[in-house]
Structures are given as C-alpha cells and as structure tokens.
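>>> Everything below, folded, please.
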Amino acid sequence: MTTTTQPADLYPTRGATEVISPRQDPVVWGESGAADLRDYDRDGFLTVDQLMTPTEVKTYRAELDRLLADPAVRADERAVIEPKSQEIRSVFEVHKLSEVFAGLVRDTRLLDYARRILGSDVYVHQSRVNVKPGFGASGFYWHSDFETWHAEDGLPRMRTVSVSIALTENHATNGGLMIMPGSHRTFLGCAGETPADNYRQSLKMQEAGTPSDAALTELAGRHGIKLFTGPAGSATWFDCNCMHGSGDNITPFPRSNVFIVFNSVENAAVEPYAAPVRRPDFIGARDFEPVG
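Numbers count the residues shown, from 1 in each chain. Presented below is the predicted three-dimensional model:
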C-alpha cells in the first residue's frame, strides 16, 4: 500500500538555517479530555511504573539474548553495530524478526493507549531493541524523532507516539532516557542538507538533524530536563516531537529497552520532505495495515 498525494510541508527542516516554530498539530488526537492523558498533553510523555510483570520481562530478555547471540541477526542490515566495541547497538524491525516481539506489538495494553492518543487505528512505523551494555556503550544525541521521520521518512503530521519499555533497570547513571518536558510543542527545523544514505551513519551517531547548542540551551532553559529511572517492566510513552536523548553508559550495569513507534493510519508516510530518497522499510515502514 502506498500514498501518492504529497501533503503540504507544515514543518520545513534541513534548510540553510535553523528555524524554531510552534507545533501545528494536536498532542492528543483522541480522548483529549481524559484525565490520564492530561499530563501527556502537557509534558509530552507519560510513565507507567509496571507495564510488564517480572515473568514477562524475563521472557522478553531471554528473546533479546537469543537475537543478540544469533550470527544471522548480527549479519542482517537491521542490526546496528557499535563503532568502538563492535557489539550490537540496536536491532530494527524486531517484531518481524521475532514472534515473541510480534506478540508484544499486538498487546492490547499498548494498542489501546496508542489508539486513544492518536484517535485512530495505528500501524507500526518502527520497532527496535536498544542495547547499552556496560563500560562504554554510546548514547543518542539530542533530537526530535519527528524531525527525522518527517525529513527522511515522509511522515506529514505529528500524529505518532513511541513507547519505550525497560528490559533492565534504568538507573540515574547508566545512560537513561532524558526528555525536555513541554518541548513537544515547539518544532525545531534543523540546518543542513541530508546526505545520501544518511541512515547508515545516523543510526550509529546522528549528525544531520541535530539541533544547535544555542537552540538546545534555549529549550533546556525554558523546559528543563527530566531523566527517567525505573525498574525493568516500566515504560515511558512519549510524543514524536519531544526533544530527547541519552548519555553514554560507562557503568557496569547494562541498559536495554524495546522501542515501538505507532503511527496513525491517517498519517501514512509519503515521500521524504528533506532527503533525496526514502530510508529502508525496516526503519520507516511502508506497510500501513492497522495492527490488530
């Protein structure tokens, strides 16, 4: 299934200069008056102390270990390798590589929330497991996912939500997720053109689509920074336009999570707005069939 009509570009980016502009889309497209979504609407994120039971966490951790130990997975283009340690950093399209993670994508605890936020049926724009083994696993620099998905995948509107589920404990010290609360209401269009096949570099260390130090300083001064900690099985839902990142993990304590991106079926990807070609389907899906 493909989309041929190219909607107007409401969020110009990757131009000659950096541009900061107000968000032009709702945050909650569905149950905007729901009490449990008010914090999400205000801050751009919502935490769940225990989305998974310890038994479920054990199942997903075992499946993650199986994938990491499989030479075929390591050799697959969907596996991203750490430049320094040569260990696996991420595995994309994990719901298609694993029946166990395919079941997680169909879990009603996830689907119901995604549908309530986005106000429609949803499909999986992206799934992956992120692995941060101890002693030097590199972080993810500050960025808005939507800026990349709009520029390089062709998502027209901010109608996409991510959920990050912890498979290990998130300490304050092992490279946890950081978000600037409220930053989702400001779009930061980055400066600079998108190189050809930029995904090959950006999945290891993002350069194109990263904000300037001045812009990050302004946003952090306005919104502050929230660091997420919590036990294995906890989860964080966050809006596609949140400014977020994570630091290196130089502790002995590993940090792993499964990351699923749900996009509204009414916001299907078109052609990229600021890149010469589409990224591969395993990074930005072109199958828009609703989950479930």
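
>>> where does the nearest residue to residue 109 once chain neighbours are set aside fall, phi/psi-wise?
Ranked by C-beta to C-beta, 6 or more residues apart in numbering and with sequence neighbours excluded, the top spatial neighbour of residue 109 is residue 51, at 6.4 Å. (Glycine included, C-beta is placed from N, CA and C.) Backbone torsions of residue 51, given as degrees, to the nearest 10, read phi -80, psi -40.

>>> pLDDT at residue 51, what is it?
At residue 51, the model reports a pLDDT of 96.

>>> For the stretch 1-150 of the chain, give me the ranges with low pLDDT.
1-4 (pLDDT under 70).

>>> Return the residues in contact with the residue nearest to residue 109.
Going by C-beta atoms under 8 Å, 6 or more residues apart in numbering, residue 51 touches 109, 165, 233-235.

>>> now the residues you listed: which count as buried?
Buried residues within these, defined by neighbour count using 16 or more other C-beta atoms under 10 Å: 165, 233-235.

>>> what about the helices in the stretch 51-200 of the chain?
For the stretch 51-200 of the chain, the helices defined by DSSP state H, counting those that start in this stretch cover 54-69, 71-75, 94-97, 99-105, 108-118, 145-148, 199-202.

>>> Just the buried positions in the first one, please.
I take that to be helix 54-69. Result for helix 54-69 [16+ other C-beta under 10 Å]: buried residues 56-57, 60, 63-64, 67-68.

>>> How about the fifth one?
Neighbour-count burial for helix 108-118, with 16+ other C-beta under 10 Å as criterion, is recorded at 110-111, 113-118.

>>> Give me the contact list for it.
Here helix 108-118 makes contact (C-beta under 8 Å, 6+ apart) with 28-31, 34, 37, 40, 51, 104, 121-122, 159-161, 163, 237, 260, 262-264, 267, 291-292.

>>> Let's see that with 6 Å instead.
28-31, 122, 159, 161, 262, 264, 292 (C-beta atoms under 6 Å, 6 or more residues apart in numbering).

>>> Which of these are buried? Put it as a PyMOL command.
Filtering the contacts of helix 108-118 down to the buried ones (16+ other C-beta under 10 Å) takes a single PyMOL command:
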select buried, resi 28+29+30+122+159+161+262+264
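
>>> Closest to residue 185 out of the contacts of helix 108-118?
Taking C-beta to C-beta as the measure, residue 185 lies nearest residue 28 of the contacts of helix 108-118, at 12.4 Å.

>>> Please name the residues that touch that closest one.
37, 41, 117.

>>> again with residue 146
Neighbours of residue 146 in contact, by C-beta under 6 Å, 6+ apart: 158, 240-241.

>>> Out of the contacts of helix 108-118, which comes closest to residue 225?
Of the contacts of helix 108-118, the one sitting nearest to residue 225 (C-beta to C-beta) turns out to be residue 161, at 20.7 Å.

>>> Wait, that closest one touches residue 261, no?
No. Contact between residue 161 and residue 261 fails when scored by C-beta atoms under 6 Å: they sit 7.5 Å apart.

>>> Look up how far residue 151 lies from residue 127.
Separation of residue 127 from residue 151 (C-beta to C-beta, to the nearest Å) stands at 20 Å.
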